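A.B. asks: below are the sequence and a predicted model; questions follow.
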Amino acid sequence: MFNVVTAPPNATDLERFWKLESMGILEDDTEKSTSGILNEYKENCIKYKDGRYVAKLPWKEDHSVLPTNYEICRKRTENTIKRLSIETDILKNYGQIIEDQLKRGFIEKCDANVTTSNPVHYIPHHYVKKDSNTTPIRIVYNCSCKSRDQPSLNDCLMSTPPELNDLTGILIRFRMNKYAIATDIDKAFLNITLDENDRDVTRFLWLSDPSNPNSEFRAVLFGATSSPFILCATILKHLELNNDKKASKYLRQDLYVDNVISSFQQEEQLLHRVS
C-alpha cells in the first residue's frame with residue numbers, strides 16, 4: 001500500500017501520515033492503561049486464603065444501585081424447571097451439576113431469612129447443550145438480566161479485557177516441534193472464590209427437592225462481563241507467586257485463557273513437563 005500526497009501537505013496531514021506509518025510500532029496507550037488496572041487489581045483485590053484464591057468483584061466507580069431482581073429470577077427459574085421437567089435426563093444432570101458444585105465448594109447455600117448488610121441480587125440461569133458424553137450441558141448465569149430501567153450486575157461491573165498472550169505466537173510455537181500437548185485448567189472459573197462481601201450479589205435459586213423451588217445458593221460467576229478479567233488476574237498472580245518454579249515460565253508463555261498448548265523437540269522433554 002502506498003500513501004500518496006497530491007497537494008502541498010500541512011502540519012495536520014504530516015502528523016496523520018507519520019501516525020499511519022508508525023501503526024503497530026508505537027505503544028498503545030489503551031493497553032498501557034489496561035495493564036495498570038490489571039496490576040492494581042492483582043495487588044489489592046486478590047488474596048490466597050485456606051488453599052484457594054479469593055477475589056473481589058471489580059465494581060465500576062459510582063455505579064447505580066443494584067436491585068434484588070428476586071421476582072424476575074424466580075419466574076425465570078420456574079420456567080427453566082418447567083422446560084427441564086419435559087427432559088427428565090437433562091433435569092437430573094442439571095441437579096447433579098449443582099450438587100457436585102456444592103460438594104466441591106464452588107457454590108454455597110444461603111439462608112434467605114438471615115439479614116445481611118451486603119447488597120443482595122439474584123441471577124437467573126439456564127443450560128446450553130454440549131457435544132460431550134461426560135458433561136452434556138453447561139449451566140450459564142445470566143448476569144445481564146435486568147427488570148425495566150434498573151441495571152444488571154454486568155452494568156455495574158468493569159469490563160476490562162483480560163491480558164492474553166498473542167494467539168498467533170502460541171500457535172506458531174505449537175507447530176514448531178514434533179511432540180505436542182494440549183490441556184486446560186479444570187473448572188478454572190469456579191475454583192476462584194468470591195470475597196465474602198460480594199457473594200450476596202450472585203445468589204440464584206434452585207430445587208433442594210422437586211417440591212421446593214426456593215432454595216438459595218451463592219456462586220462464583222461463569223458469565224459475568226468481568227469473569228475473564230478476574231480469571232486472568234488470578235492466574236497471573238499465581239504464576240508470579242510461584243515464579244521460582246520452572247513450570248511457571250512455560251505456563252506464562254503458552255497459556256491462553258485457561259488453555260495451555262506446548263510442543264517439544266524431544267519426547268523426554270514432553271514427559272518431563274507433564275510428569
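C.D. replies: That came in fine, so what should we check first?
A.B. asks: what about the protein, any weak spots by pLDDT?
C.D. replies: For the chain, the stretches with pLDDT under 70 are 1-33, 133-134, 208-222, 275.
A.B. asks: can you map out the helices along it?
C.D. replies: In the chain, the helices defined using DSSP state H lie at 11-21, 29-45, 70-86, 88-103, 153-156, 167-176, 227-241, 246-254, 267-274.
A.B. asks: so what touches the shortest one?
C.D. replies: Outside helix 153-156, the residues within contact range by Cβ atoms under 8 Å, 6 or more residues apart in numbering are 59-60, 63-64, 66, 121, 123, 143-146, 201-202, 224-225. Heads up, the C-betas are built off the backbone N, CA and C, glycines and all.
A.B. asks: equivalent analysis for the second one, please.
C.D. replies: Outside of helix 29-45, the residues within contact range by Cβ under 8 Å, 6+ apart are 55-56, 58, 158, 160-161, 163, 195, 229, 232-233, 236-237, 240.
A.B. asks: for ChimeraX, write a command that selects the buried ones of those.
C.D. replies: Here is the ChimeraX command that selects the buried residues among the contacts of helix 29-45 (16 or more other Cβ atoms under 10 Å):
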select :55,56,58,160,229,232,233,236,237
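A.B. asks: could you dump the contacts of helix 29-45 into CSV with distance to residue 189 added?
C.D. replies: CSV is the format used below for the contacts of helix 29-45 (distance: Cβ to Cβ, whole Å):
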residue, distance to residue 189
55, 11
56, 15
58, 15
158, 17
160, 16
161, 16
163, 17
195, 15
229, 11
232, 11
233, 12
236, 15
237, 15
240, 20
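A.B. asks: wait, doesn't residue 73 sit right on residue 145?
C.D. replies: Yes. Between residue 73 and residue 145 a contact is recorded at 7.2 Å, counting by Cβ atoms under 8 Å.
A.B. asks: between those two, what contacts are shared?
C.D. replies: In contact with both residue 73 and residue 145: 123-124, using Cβ under 8 Å, 6+ apart.
A.B. asks: pick out whichever of those two has more residues nearby.
C.D. replies: Remark: of residue 73 and residue 145, residue 73 carries more neighbours, 22 against 18, as counted by other Cβ atoms under 10 Å.
A.B. asks: and the more buried one, how far from residue 206?
C.D. replies: Separation of residue 73 from residue 206 (Cβ to Cβ, to the nearest Å): 11 Å.
A.B. asks: with residue 128 instead?
C.D. replies: From residue 128 to residue 206 the distance is 17 Å (Cβ to Cβ).
A.B. asks: what does residue 72 give?
C.D. replies: Counting by Cβ to Cβ, the separation of residue 72 from residue 206 is 16 Å.
A.B. asks: so between those two, which is more surrounded?
C.D. replies: Per other Cβ under 10 Å, whichever of residue 72 and residue 206 has more neighbours is residue 206, with 22 against 17.
A.B. asks: does the more buried one touch residue 77 like I think?
C.D. replies: Yes. The pair residue 206 / residue 77 is scored as a contact, 7.1 Å apart, by Cβ under 8 Å.
A.B. asks: now residue 176. Nearest residue, chain neighbours left out?
C.D. replies: Sequence neighbours aside, residue 263 is the residue nearest to residue 176 in space, at 6.0 Å (criterion: Cβ to Cβ, 6 or more residues apart in numbering).
A.B. asks: mind listing what the one you found touches?
C.D. replies: By Cβ under 8 Å, 6+ apart, residue 263 lies in contact with 173-181.
A.B. asks: now render those residues as a markdown table, adding neighbour count and distance to residue 46.
C.D. replies: Listed next are those as a markdown table, based on neighbours: other Cβ atoms under 10 Å; distance: Cβ to Cβ, whole Å:
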| residue | neighbour count | distance to residue 46 |
| --- | --- | --- |
| 173 | 14 | 28 |
| 174 | 15 | 29 |
| 175 | 10 | 34 |
| 176 | 11 | 34 |
| 177 | 14 | 34 |
| 178 | 10 | 38 |
| 179 | 15 | 35 |
| 180 | 13 | 32 |
| 181 | 14 | 28 |
